[in-house]
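S.K.: sequence below, structure please.
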Amino acid sequence: MIETERLILRQPSGADRLAWTAFLSDPEVTQFIGGPQDAVGAWRNLCLFTGAWSIQGYSNFSVIEKATGCWVGRAGAWSPPGWPGLEIGWAFSREVRGKGYATEAAGRCLTWAFDELGWTGAVHIIHPDNDASIAVARRIGATLRTSDATEKNLIYVSTRRTFAARPTVKA
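M.R.: Down below sits the predicted model:
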């Protein structure tokens, strides 16, 4: 478990199932991460991220809002076979958009990946129409590396240097 001023980031668990399912059933929230899923698809997705913790020792965290104790999204490390790099990703429920949680969580996840996992860099794979995530990537100091021609996504890159040099902004 890791924390920020406003968030708790912990391994996902079965206790997250209902919130995870509601999150993945929202077409607006999932438009850039594969589209809405039914309860079975959401269960499989939760198992996927939870299982990655056992297999790799890292994965996305469940993000809990300290003020309410509510599950508000997921953020963290991701690198299944064939992925274009070690990724720090994020996705949040509609109810908390605009609060800066994605920037706060992504920044904390980068620090964790650099300090605890020994990563020297991370990618952020973002759909070109996802302006909010592009803005988060820029706020955490990431630079555009390339477009992934097969997936039609943008690949932003963070290194220790670019992360340390990012402008200081309130999340």
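
S.K.: residue 95 touches residue 72, doesn't it?
M.R.: Yes. Assessed by CB atoms under 8 Å, residue 95 is found in contact with residue 72 at 7.2 Å. Every C-beta, even on glycine, is put in place using the N, C-alpha and C of the backbone.

S.K.: these two - which one has more neighbours?
M.R.: The neighbour comparison of residue 95 against residue 72 (other CB atoms under 10 Å) goes to residue 72, with 22 against 14.

S.K.: the more buried one: which element?
M.R.: strand 71-78 (DSSP states H and E).

S.K.: what's next to that strand, contact-wise?
M.R.: 7, 9, 12, 16, 19-20, 23, 49, 52, 56, 58-65, 86-93, 95-96, 101-102, 105-106, 109, 113, 117, 119, 122 (CB atoms under 8 Å, 6 or more residues apart in numbering).

S.K.: so what strands line up beside that strand?
M.R.: strand 60-65 (antiparallel), strand 87-92 (antiparallel) (DSSP bridges).

S.K.: what angle separates the biggest helix by length in the chain from strand 60-65?
M.R.: The longest helix of the chain (DSSP state H) is helix 39-56. Here the directions of helix 39-56 and strand 60-65 differ by 110 degrees (axes from the mean of the first three to the mean of the last three CA atoms, to 10 degrees).

S.K.: tell me who's in contact with residue 97.
M.R.: residue 132.

S.K.: circling back: out of the contacts of strand 71-78, which are buried?
M.R.: 7, 9, 12, 16, 19-20, 23, 49, 52, 58-65, 86-93, 96, 101-102, 105-106, 109, 113, 119, 122 (16 or more other CB atoms under 10 Å).

S.K.: picking that back up, and the strand holding residue 72, how far out from the chain middle?
M.R.: Put simply, strand 71-78 sits 5 Å off its chain's centre (CA atoms, centre = their mean, to the nearest Å).

S.K.: no further queries at this time; thank you.
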